[in-house]
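Engineer: fold the following.
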Amino acid sequence: MKLNCDLGESFGSWKMGLDSKVMPYIDQASIACGFHAGDPLTLVNTLNLAAKHNVDIGAHPSYPDIVGFGRRSMQCSQEELSAMMLYQIAAVDGVAKSQSLSLTYVKPHGALYNDMMKNEPIRQTILQSISQYNQSGDRALKLMIQATPKFSQHQDEAKRYKVELLAEAFADRCYADDGSLLSRQHEKAIHTQEKMLQQVKQLKEQGTITTVQGKTIALTVDSLCVHGDNMAAVKLIANIKEILS
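Structural biologist: This next block holds a predicted model:
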């Protein structure tokens, strides 16, 4: 099980995250594409940091919502969403190529990620966009989606677009009985540090998570999402890395 983190989310003079502290502990960096956060210099610096630590590079596209940090859903046509995806993937991929680096996966951000999991037409548009991008050159970008009990169905869906999926779980988020994440507005949405480490250990040893209602759900997980917004979070990533080793 690999560790991934959302990075490159600083914008101008506004700094977010401790990217340089997090990068040594993770395997995959999902880098902001400028639509919810990030800017050209931040992108270049984050790619350099990923290269230094031999971390896989992923594009982290979102709705065009810098003010809301990409956490608000938007009503977009299929054509608009496809264009947004291609634009953002190409931005990270192009800058990466200029530094002799390779993009390996795509992970939608925030509301777009949640909408992708709930809305089949949105998910299919994202798959179609990645498929189209893959056909434009010698590449096979994967799509990172949430690990749920429906993952095998999502795999069958993705095969029609010739796109491989990566199943993602969350170290710090609480789950509902259907395998979805509790909304951040829910009072129990985020685990305490102790509960977070327990959830990671359970995933590692048993391949399951326990929902807030006490139900045990089996999940296929390729990558575990962690966050490094402060030094306490960075220390937890180190603890998580140790558990998974």
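Engineer: which non-adjacent residue is nearest Gln193?
Structural biologist: The shortest distance from Gln193 to any non-neighbouring residue, by Cβ to Cβ, 6 or more residues apart in numbering, is to Leu236 (6.1 Å). Just so you know, the C-beta spots here come from the backbone N, C-alpha and C atoms, and that holds for glycine as well.
Engineer: the one you found falls within a helix, correct?
Structural biologist: Yes - under DSSP: H, G, I helix; E, B strand; the rest coil, Leu236 falls within a helix.
Engineer: ok, now which ones touch the closest residue to Arg160 other than its chain neighbours?
Structural biologist: With sequence-adjacent residues excluded and distances taken as Cβ to Cβ, 6+ apart, Arg160 is closest to Leu127, at 8.0 Å. By Cβ atoms under 8 Å, 6 or more residues apart in numbering, the contact set of Leu127 is 143, 157-158, 160-161, 163.
Engineer: repeat that for 6 Å
Structural biologist: Shown in contact with Leu127 (Cβ atoms under 6 Å, 6 or more residues apart in numbering): 158, 161, 163.
Engineer: check Ala111 too.
Structural biologist: 63, 71-73.
Engineer: what strand or helix carries it?
Structural biologist: Element membership of Ala111 [criterion: DSSP states H and E] is helix 110-118.
Engineer: just the buried ones out of the contacts of Ala111, please.
Structural biologist: Neighbour counting over the contacts of Ala111 (16 or more other Cβ atoms under 10 Å) leaves 63, 71, 73 as the buried ones.
Engineer: switch those over to TSV; also include distance to Gln185, pLDDT and secondary structure.
Structural biologist: Shown next, in TSV, are the buried ones among the contacts of Ala111 (distance: Cβ to Cβ, whole Å; pLDDT from 0 to 100; DSSP: H, G, I helix; E, B strand; the rest coil):
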residue	distance to Gln185	pLDDT	secondary structure
Tyr63	18	98	coil
Arg71	11	94	coil
Ser73	14	97	coil
